[in-house]
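>>> give me a 3D structure for the following:
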Amino acid sequence: QVQLVESGGGLVQAGGSLRLSCTASGRAFSSMHMAWFRQAPGKEREFVAAIRWSVDATRYADSVKGRFTISRDNAKNTLYLQMNSLKPEDTAVYYCAARAASAELTVAEWAYNYWGQGTQVTVSS
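Predicted coordinates for the structure are as follows:
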């Protein structure tokens, strides 16, 4: 089992920045691919970014490329999402997710076995 706890959400003006964190416990963090997803009000949850267990590969949704950066610190069992140039359309609950590193790095929500409870990000215009 893996327990994931997100933090760092909040209210920010358009153009501002936030850094989300996700702390993992339980199964070895370094053996997991990690990802961020988000869900806006009235919309389905969508992929944001993913990072390989070995930190040598990342993937991003087109909507956040060049603005968001995913990173991880395996020594601290922590995943990060640096969000810059935030837009009102980035408003959502952000979730971190994990899957076994023996599998491919994927953007598919169904492939992730473990989820955090989410943290709210609100971007005002």
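>>> name the nearest residue to the residue most central in space within the chain, ignoring sequence neighbours.
Note on the chain: the residue nearest the mean C-alpha position is residue 36, at 2.1 Å, using CA atoms, centre = their mean. Nearest residue to residue 36, sequence neighbours excluded (CB to CB, 6 or more residues apart in numbering): residue 48, at 4.2 Å. Backbone N, C-alpha and C define where each C-beta goes, glycine included.
>>> tell me the mean pLDDT over stretch 28-41?
What stretch 28-41 shows for mean pLDDT is 94.
>>> pull out the buried residues from it.
Using 16 or more other CB atoms under 10 Å as the burial criterion, the residues of stretch 28-41 that qualify are 29, 32-38.
>>> could you do stretch 16-30 as well?
Per 16+ other CB under 10 Å, stretch 16-30 contains these buried residues: 18, 20-24, 29.
>>> and what of stretch 85-92?
The neighbour-count check on stretch 85-92 (16+ other CB under 10 Å) flags 86, 90-92 as buried.
>>> with stretch 56-74 instead?
Neighbour-count burial for stretch 56-74 [16+ other CB under 10 Å]: 59-61, 64, 68-70, 72, 74.
>>> for residue 109, give me phi and psi.
The phi and psi values for residue 109, taken as degrees, to the nearest 10, are phi -60, psi -40.
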